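J.: Got a predicted model here, sequence first, then my questions.
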Amino acid sequence: MSPREIFALRDYLSPELKGRTISDAHHLVSLTDVLSHTVLGGRLRELAGRSVLLKLSDQLKSGLAMIELDGVARRMLLCPPDLNPAHLDALIADAEIDAVVTDDPASWADKAIALIVSAQLPPIASAPARTERATEWLMLTSGTSGVPKIAAHTLEALTGAIVAEGPARGPAPVWATFYDIRRYGGLQIFLRAVLSGGSMVLSDPHEALGDHVARLNACGVKHISGTPSHWRKLLMSGAAAQFAPRYVRLSGEIADQAVLDGLKAAFPDSSIGHAYASTEAGVGFAVNDGLEGFPADYVGANRNGVEMKVVDGSLRIRSKCIAHAYVGRNATALADSDGFVDSGDMVELRGERYYFVGRRGGIINIGGLKVHPEEIEAVINRHPDVRMSRAKSRKSPITGGIVVADVILADGTDPARAKEIRDQIVTQCRAQLASHKVPAVIRFVDALDVTPAGKLARSDA
Amino acid sequence: MSVRLKILEAIKQIAQEQHVKLPPLTDDLSLHETGFDSLAFAILVARLEDELGTDPFTISEDAAFPSTIGDFVRAYENVPA
């Protein structure tokens, strides 16, 4: 059909590999037979060549719909679960959406969308479809407070890092992630599961962590990824004791030494690594030496097709895995004239290593001085009794702003030691941070909010 | 503990953290002579707000920042609870 061979997800799935599944807390669907089934009620043909909004209440239907739509639709826009409904109209206009796949068709009755297709489980038997075009994958950026930006990828760019690694050795792995697969970090794991011949276990935001871990164990999950906040929650929950994944991966936030060490202690036989990736910049690199930050020689060289440079303190990335454009009426250029994407992640060179210090947009102002809250948290988290922390700015009538920190202590810490621990944290911060970065007030709290994207909530940042 | 004692305790704690050597804390000691810089005072006011539930310097727009220890303590004592 096409002059050049186009691969879509269906072309990586074959009925010859038996026993492959994708499951969530409620359903288990065969990936072996997926090509001869449909969650779209057999209406895939109607969606051919259309710009499809994928707005579903769960990840399982979303993943199965992606497999069907890829190679058939013109583009598909993946809606993460926490998408603000107030932004829908703008996104629909920007992405030129002319069809919606939903499991809540009633809510679309009054919208002027040409085609509404219902998705439902279980999948029903249907003739296999054929790949006829390269579908554009549209993903929403996280972390912005206004309308999220739409970043456009090809399947080739999304899977570039996976294909470069080559096929997995040994038996087909079972993959899992704490992320939602409609976000970049989670989508990478879903694509790995599809391309590697393996199976996939999805997360469920309504499930207790202990039940989730029990399900991961029951399914034989060996590879699992999440943000440092996801992992800190697991370490705090006590559920880690029952779990023994072989590969533990962190991404999406700064993996500081404390969380890496905490995971090494909890999973002594696992390979623990952190990776750098973003919706716009794609997969950057992986670090597997157990240390925070990354070796200085990653910058400047071309490593596995990824080139990085640091300009004005922020990491810039060029590779074939970056998104190719922002989509929409007010879309700005995604890359500079040399093809580098500015990640907005600030790094600092200390010795032979670069360290992440925070997001450019997350800087707090302390008496006119710029401070990255992440840098303060990394120092606080090094205290052996601390599990998680969040630094933020608080108004001061004297200096304009001061740093305050909310800290979660390890389970079973004697409350009588609170003053001693507070003094030790302050001493530790004074030794390693400029004086205006030392928290003026430290509060001990039971929990810190984590966003649906798995990142520490920074509403005031 | 009285408001005065709580304030003096907080001043001593911050002095220790900031490695400031305090002179004796008498009522007529000027705040300048405590050796505290503006950051140390900012920390003091924030901690007292948490401990005493009030920040007399933010509440009142025209409140002049006190000049002595005695004035500082009175600013807290005079705030209705």
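T.: Thanks, I have the structure now. Residues are numbered from 1 along each chain as shown, chains lettered A, B, ... in the order given.

J.: only C-alpha atoms for contact and neighbour calcs from this point on.
T.: Noted.

J.: Now do the domain split for chain A, please.
T.: Here the domain parsing of chain A from automatic domain parsing is A:3-350, A:363-444.

J.: Any chance of TSV for those domains, columns mean neighbour count, distance to chain B and mean pLDDT?
T.: Shown next, in TSV, are the domains of chain A (neighbours: other C-alpha atoms under 10 Å in any protein chain shown; distance: least, C-alpha to the nearest C-alpha, whole Å; pLDDT from 0 to 100):
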stretch	mean neighbour count	distance to chain B	mean pLDDT
domain A:3-350	18	24	93
domain A:363-444	18	5	91
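
J.: Minimum distance to B:D28: which of those domains has it?
T.: domain A:363-444 (21.4 Å; C-alpha to C-alpha).

J.: got the end-to-end distance for the closest one?
T.: Length of domain A:363-444, first residue to last, C-alpha to C-alpha, to the nearest Å: 23 Å.

J.: list the contacts for A:A134?
T.: Contact analysis of A:A134 by C-alpha atoms under 8 Å, 6 or more residues apart in numbering or on different chains lists A:6-8, A:70-72, A:74, A:154-155.

J.: what distance separates stretch A:224-239 from the centre of its chain?
T.: 14 Å (C-alpha atoms, centre = their mean, to the nearest Å).

J.: which residues sit against it?
T.: By C-alpha under 8 Å, 6+ apart, the residues outside stretch A:224-239 that reach it are A:175-179, A:185, A:189, A:209-210, A:213, A:240, A:245, A:247-255, A:259, A:262-263, A:266, A:387-388, A:410-411, A:450, A:454-456.

J.: do the same with stretch A:174-192
T.: A:59, A:62-63, A:78-80, A:139-140, A:158-159, A:162, A:193, A:198-203, A:216, A:219-227, A:230, A:251-252, A:277-279, A:453-454.

J.: Restricted to helices, list those residues.
T.: A:59, A:62-63, A:158, A:162, A:193, A:216, A:230 (DSSP state H).

J.: which residues in the chain form helices?
T.: Since no chain was named, I'll use chain A. Going by DSSP H, chain A shows helices at A:59-69, A:88-94, A:155-158, A:160-165, A:184-196, A:209-218, A:228-237, A:257-266, A:373-381, A:418-432.

J.: My question was about chain B, not that one.
T.: With helices called from DSSP H, chain B shows them at B:3-17, B:38-52, B:56-59, B:69-77.

J.: which strands and helices sit next to the second one?
T.: It refers to helix B:38-52. strand A:386-396, strand A:400-409, strand A:441-444, helix B:3-17 (3 or more C-alpha pairs under 8 Å, 6 or more residues apart in numbering or on different chains; DSSP states H and E).

J.: could these be laid out in CSV, adding distance to A:C429?
T.: What follows is these, written out as CSV (distance: least, C-alpha to C-alpha, whole Å):
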stretch, distance to A:C429
strand A:386-396, 12
strand A:400-409, 11
strand A:441-444, 12
helix B:3-17, 11
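
J.: pretty sure A:E96 contacts A:S51?
T.: Yes. The pair A:E96 and A:S51 qualifies as a contact (C-alpha atoms under 8 Å) at a distance of 6.5 Å.

J.: So for A:S107, which of the helices of chain B sits nearest?
T.: helix B:38-52 (46.7 Å).

J.: Who are the contact partners of A:D33?
T.: A:P15.

J.: could you redo the last one with a cut-off of 10 Å?
T.: A:D33 is in contact with A:13-21, A:125, A:128, counting by C-alpha atoms under 10 Å, 6 or more residues apart in numbering or on different chains.

J.: Relative to B:T68, which of these is nearest.
T.: For the contacts of A:D33, the nearest to B:T68 is A:T21 (73.3 Å; C-alpha to C-alpha).

J.: Excluding chain neighbours, what is closest to that closest one?
T.: Setting aside the residues directly before and after it, A:T21 is nearest to A:S30 in space (C-alpha to C-alpha, 6 or more residues apart in numbering or on different chains), at 4.4 Å.

J.: In contact with that neighbour: list those residues for me.
T.: So A:S30 contacts A:15, A:18-23, A:37, A:123, A:199 (C-alpha under 10 Å, 6+ apart).

J.: so can I have CSV of the helices of chain A showing distance to B:F36?
T.: Output for the helices of chain A, formatted as CSV (distance: least, C-alpha to C-alpha, whole Å):
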stretch, distance to B:F36
helix A:59-69, 56
helix A:88-94, 53
helix A:155-158, 55
helix A:160-165, 55
helix A:184-196, 47
helix A:209-218, 47
helix A:228-237, 37
helix A:257-266, 33
helix A:373-381, 23
helix A:418-432, 16
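
J.: which ones are touching A:L195?
T.: A:9-13, A:159, A:162-163, A:166-168, A:189.
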